[in-house]
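K.L.:
Sequence below, structure please.
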Amino acid sequence: MALFVVFQTTFFLTLLSLRTYQSEVLAERLPLTPVSLKVSTNSIHQSLHLQWTVHNLPYHQELKMVFQIQISRIETSNVVWVGNYSTTVKWNQVLHWSWESELPLECATHFVRMKSVMDDASFPEPNFWSNWSSWEEVSVQDSLGRGILFVFPKDKLVEEGSNVTICYVSRNIQNNVSCYLEGKQIHGEQLDPHVTAFNLNSVPFIRNRGTNIYCEASQGNVSKGIEGIVLFVSKVLEEPKDFSCETQDFKTLHCTWDPGTDTALGWSKQPSQSYTLFESFSGEKKLCTHKNWCNWQITQDSQETYNFTLIAENYLRKRSVNILFNLTHRVYLMNPFSVNFENVNATNAIMTWKVHSMRNNFTYLCQIELHGEGKMMQYDVSVKVNGEYFLSELEPATEYMARVRCADASHFWKWSEWSGQNFTTLEAAPSEAPDVWRSVNSEPGNHTVTLFWKPLSKLHANGKILFYNVVVENLDKPSRSELRSIPAPANSTKLILDRCSYQICVTANNSVGASPASIIVISVDPENKEVEEERIAGTDGGFSLSWKPQPGDIIGYVVDWCDHPQDVLQWKNVGPNTTSTVISTDAFRPGVRYDFRIYGLSTKRIACLLEKKTGYSQELAPSDNPHVLVDMLTSHSFTLSWKDYSTESQPGFIQGYHVYLKSKARQCHPRFQKAVLSASMLIHILLPMVFCVLLIMIVCYLKSQWIKETCYPDIPDPYKSSILSLIKFKENPHLTIMNVSDCIPDAIEVVSKPEGTKIQILGTRKSLTETELTKPNYLYLLPTEKNHSGPGPCICFENFTYNQAASDSGFCGHVPVSPKAPPSMLGLMTSPENVLKALEKNYMNSLGEVPAGETSLNYVSQLASPMSGDKDSLPTNPVEPPHCSEYKMQMAVPLRLALPRPTENSSLSSITLLDPGEHYR
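P.N.:
Down below sits the predicted model:
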């Protein structure tokens, strides 16, 4: 025993000494430099594969080391990547590491070197990096072949949105190379005279067969070659959505998900993504054969909680989702089966069904939906294995569809699919009386009554209507009645009744029984009331009707009308407390007149006509013009008539007629004057024309009197003349209205008054009576010179205006002249200056009150004709007027002036003879 202890002690001391020696040796040789570095290329993945060893490691000892790797491109000084690689190194182990290059390896020479450092916890001393290994050069351009142009990478697979670098290698630097991406030229960066690289950022997915890229080498216009590649761009792999698992029988879990976009590419470059189910509690894994569902077999052990991970994977990436659930909370029942209906009658039925058994004491919640007559009813019921439900309040003769679905009542997950069946209830007697109305056409000795009824709705028919019974009972002779059966689907019948009161009952019948009776009474004289028709206007919504409420016992109102063009009688029932309604139907058409009749129904079911209304839903222009006849044509009038023009068939109410009048040469256009005539069948044009002519004549007569008094009165008033406004602009402020100039006067008319007024002559007291002056006397104003050969100076004036004082004074002064004296012996009795003064004075006096003892001026036109009654007084040899006489020149002389006797050589310029007291111009 002691020997064994000694031996054991010696062995442990020897082992400890060896361990100490090895540690000292390793401490002296650290750090360790990587050796035997080799670099290879993988053109498919565009990667560099490195392998190396670390010498002088202890035998069977593992050490953690870090290797720093440096990669250069084209030149060793052009470092493009530096990174660390950590691993556990064993004695005599060959290490491997790969690096994927963004630039295709064929486009540039690469250089690789590395160094290492000890990173093991068993060596707490400070560690130092080893020396760099020598540069390892790798180039694949020499193996490209003898072509003149190369494009890389070949058939590269990338994900949508990635950045890609491509390049071309040209053997001849004299060639001009252009590159194109899907036909669009791209521009790159020259790496050396033979190589140019292109950076493509966020490349899009174009098609599953790849994106085309090609380059063309040319010299001048001569193409030297074309080379291209296909860049495969994959859709981004999506994370599975709506991942769920459930069971229908506690034997199989059925898992489903939404896979999203398929990432498969053409040319078998990449298949569709694969899906794998992994359950973490059991550690089991299953590769799914379908892209959106997978089944998992449930073991018979007691596992009820599951933690599933669904992994989606393609060549570029992986995506995963996870769910955790209890099995009893994910029960999705199978459809109920054996759905049946028992004890079906007109209003009730019993529905039965079965469910698939799951476990003992399992409770099901079932939901029933009943569809019929456009309605849906829903019921919930709890069952164990077999289900049953009593359906009540059903409609007779109605087809229903009932269906049922079930779910776990303890832990509701989702409803099962529906299971259903149709059934039909039995018929019942009609529940409502038919809606009946009548149209009465009275004839001598009888009434023709047409009965109409509306088909019962399905809700009230309770089955198929087979026929209608019409019972006609004579109220005056109750023993007499008549029964008629009208087969369905007829909705009217015609009755010929004598002039008695009748009660008519109508019932609808099906296979079970008859409906309640609809009663209507026809009186002895039903349509004898005369009612005035009222016009109404329709709208897009129909016709709005209203009527006066009726006193007495009224049980309701009926409005009837005819639908065109079928001319089918329609009616509407209105309650007794309603006095308005709106009639709307799709049958109303524009341009069609609709006649509405409103009846009141008494308690005895007798209809009484209350009002009539007529109108159009939309009035249209007349469809045709009337045929017009023209007669009674005269030079001033004519008569238009259109006798056979029907207004009832027009598409609107005829409210008037337009009669257009035009000459033959003119055209009728919209602005032409038109006459709107009343809606009479005979339009008389004569009366309006005569009335217009008379009106124009009266207006013209009144206007002519006003114009005459204003513009040219018999004796003008200077205050009403516009000449005064002209005088204001003349330079001489003392200028009177009459502009007197020198002229030989023609004649002076002496006007005598019929009264016996005595006239003073030349200031003497001798007077002349009226009998002495029965005829007009003439004063001849002639020159006094004996040797006067021509017309001497005379007093004349322009006819601006006239003095009315002579007419208004009531008398005229006369010059005493012997009636026997010849005209040639008369002469001027005063000088022209005196005459001029007298004229001025007479005019000034005319503006005010004429002084006593002075006479007024009168005037005579030189061209005035003598009156017929004075023809005998005219001289036998009238003297022609001198040259200076003009129509506008008038002469005025005070009547008190004396005239000298004219000489023999003198002559008269004009002679005017007027009746006593008359004036002419």
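K.L.:
domains of the protein?
P.N.:
Domain assignment of the chain by the TED database yields the ranges 34-141, 146-234, 241-329, 337-425, 436-616.
K.L.:
Output those as CSV; include the columns mean pLDDT and mean neighbour count.
P.N.:
In this view, the C-beta of every residue, glycine as well, is placed from N, C-alpha and C. As requested, these are arranged in CSV below (pLDDT from 0 to 100; neighbours: other CB atoms under 10 Å):
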stretch, mean pLDDT, mean neighbour count
domain 34-141, 90, 16
domain 146-234, 94, 16
domain 241-329, 94, 15
domain 337-425, 94, 15
domain 436-616, 89, 16
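K.L.:
Ile698: which of these is closest?
P.N.:
domain 436-616 (40.8 Å; CB to CB).
K.L.:
The closest one: end-to-end distance?
P.N.:
One end of domain 436-616 sits 26 Å from the other (CA to CA, to the nearest Å).
K.L.:
can you pull out the strands in the stretch 451-600 of the chain?
P.N.:
In the stretch 451-600 of the chain, the strands defined using DSSP state E, counting those that start in this stretch lie at 467-474, 481-487, 492-498, 502-509, 518-522, 533-537, 543-546, 554-563, 568-574, 580-583, 593-602.
K.L.:
Pairing partners for the longest strand anywhere in the chain, with directions?
P.N.:
When the chain is parsed with DSSP state E, its longest strand is strand 222-234. The strands beside strand 222-234 in its sheet (DSSP bridges) come out as strand 157-159 (parallel), strand 211-219 (antiparallel).
K.L.:
can you tell which of those strands is closest to Ser410?
P.N.:
strand 157-159 (47.0 Å).
K.L.:
Please name every helix or strand in contact with the helix or strand following that closest one.
P.N.:
Next along the chain after strand 157-159, taking DSSP states H and E as the criterion, comes strand 164-170. Contacts defined by 3 or more CB pairs under 8 Å, 6 or more residues apart in numbering; DSSP states H and E place strand 164-170 against strand 149-152, strand 176-181, strand 195-200, strand 211-219, strand 222-234.
K.L.:
now strand 164-170 and strand 222-234, what's the angle there?
P.N.:
Interaxial angle of strand 164-170 relative to strand 222-234 (axes from the mean of the first three to the mean of the last three CA atoms, to 10 degrees): 160 degrees.
K.L.:
how about Gln367, what does it touch?
P.N.:
For Gln367, the contact set (CB atoms under 8 Å, 6 or more residues apart in numbering) comprises 378-381, 404-406, 415.
K.L.:
Any chance of the residues you listed in CSV with secondary structure and distance to Thr305 as columns?
P.N.:
Shown next, in CSV, are the contacts of Gln367 (DSSP: H, G, I helix; E, B strand; the rest coil; distance: CB to CB, whole Å):
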residue, secondary structure, distance to Thr305
Gln378, strand, 35
Tyr379, strand, 36
Asp380, strand, 30
Val381, strand, 32
Val404, strand, 32
Arg405, strand, 28
Cys406, strand, 25
Trp415, coil, 24
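K.L.:
which one of those is nearest Ser511?
P.N.:
Tyr379 (30.7 Å).
K.L.:
Apart from its chain neighbours, what residue comes closest to that closest one?
P.N.:
Ile368 (4.5 Å; CB to CB, 6 or more residues apart in numbering).
K.L.:
isn't there a helix covering Ile696?
P.N.:
Yes: assessed by DSSP: H, G, I helix; E, B strand; the rest coil, Ile696 belongs to a helix.
K.L.:
related to what we said a few turns ago, in a markdown table: the helices and strands packed on strand 164-170, plus distance to Tyr332.
P.N.:
Formatted as a markdown table, those follow (distance: least, CB to CB, whole Å):
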| stretch | distance to Tyr332 |
| --- | --- |
| strand 149-152 | 54 |
| strand 176-181 | 51 |
| strand 195-200 | 49 |
| strand 211-219 | 45 |
| strand 222-234 | 35 |
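K.L.:
looking at those strands, which is closest to Thr109?
P.N.:
strand 195-200 (10.2 Å).
K.L.:
hmm, back to that, for the residue nearest to Tyr379, which residues count as its bridge partners?
P.N.:
Applying DSSP bridges to Ile368 gives these bridge partners: Tyr379, Val404.
K.L.:
and it, how far is that from Val690?
P.N.:
Per CB to CB, to the nearest Å, Ile368 is found 92 Å from Val690.
K.L.:
Likewise for Ser518?
P.N.:
Using CB to CB, Ser518 is found at 66 Å from Val690.
K.L.:
And for Val512?
P.N.:
Taking CB to CB, one finds Val512 at 83 Å from Val690.
K.L.:
With Ile504 instead?
P.N.:
For Ile504, the distance to Val690 equals 64 Å [CB to CB].
K.L.:
cool, and Thr539?
P.N.:
45 Å.
K.L.:
got it, and Ala587?
P.N.:
Ala587 sits 52 Å away from Val690, going by CB to CB.
K.L.:
send the alpha carbons of stretch 653-663 over as PDB?
P.N.:
Below are the C-alpha coordinates for stretch 653-663, written out as PDB (Å, rounded to 0.1, in the frame of the first residue of the first chain):
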ATOM      1  CA  PHE A 653    -103.500  71.100 -72.100                       C
ATOM      2  CA  ILE A 654    -104.200  73.400 -75.000                       C
ATOM      3  CA  GLN A 655    -104.200  76.800 -73.300                       C
ATOM      4  CA  GLY A 656    -104.200  79.000 -76.400                       C
ATOM      5  CA  TYR A 657    -103.200  79.400 -80.100                       C
ATOM      6  CA  HIS A 658    -100.500  81.500 -81.700                       C
ATOM      7  CA  VAL A 659    -101.500  83.200 -84.900                       C
ATOM      8  CA  TYR A 660     -98.600  84.700 -86.900                       C
ATOM      9  CA  LEU A 661     -99.100  87.400 -89.400                       C
ATOM     10  CA  LYS A 662     -96.500  88.300 -92.000                       C
ATOM     11  CA  SER A 663     -96.300  89.700 -95.500                       C
END
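K.L.:
Could you pull out the buried residues of it?
P.N.:
Neighbour-count burial for stretch 653-663, counted by 16 or more other CB atoms under 10 Å, picks out Tyr657.
K.L.:
just stretch 631-649 next, same as before
P.N.:
So, applying 16+ other CB under 10 Å, buried residues of stretch 631-649: 640-641, 645.
K.L.:
Just the closest of these to Leu333, please.
P.N.:
Tyr645 (81.2 Å).
K.L.:
Quickly note the distance from the nearest residue to that closest one once chain neighbours are set aside to Thr639.
P.N.:
In this structure, Tyr645 finds its nearest non-sequential neighbour in Pro626, 3.7 Å apart by CB to CB, 6+ apart. Pro626 sits 14 Å away from Thr639, going by CB to CB.
K.L.:
and the gap between Ile311 and Glu239?
P.N.:
With CB to CB as the criterion, Ile311 and Glu239 are 10 Å apart.
K.L.:
Give me the common contacts of those two.
P.N.:
Common contacts of Ile311 and Glu239, defined by CB under 8 Å, 6+ apart, comprise 319-320.
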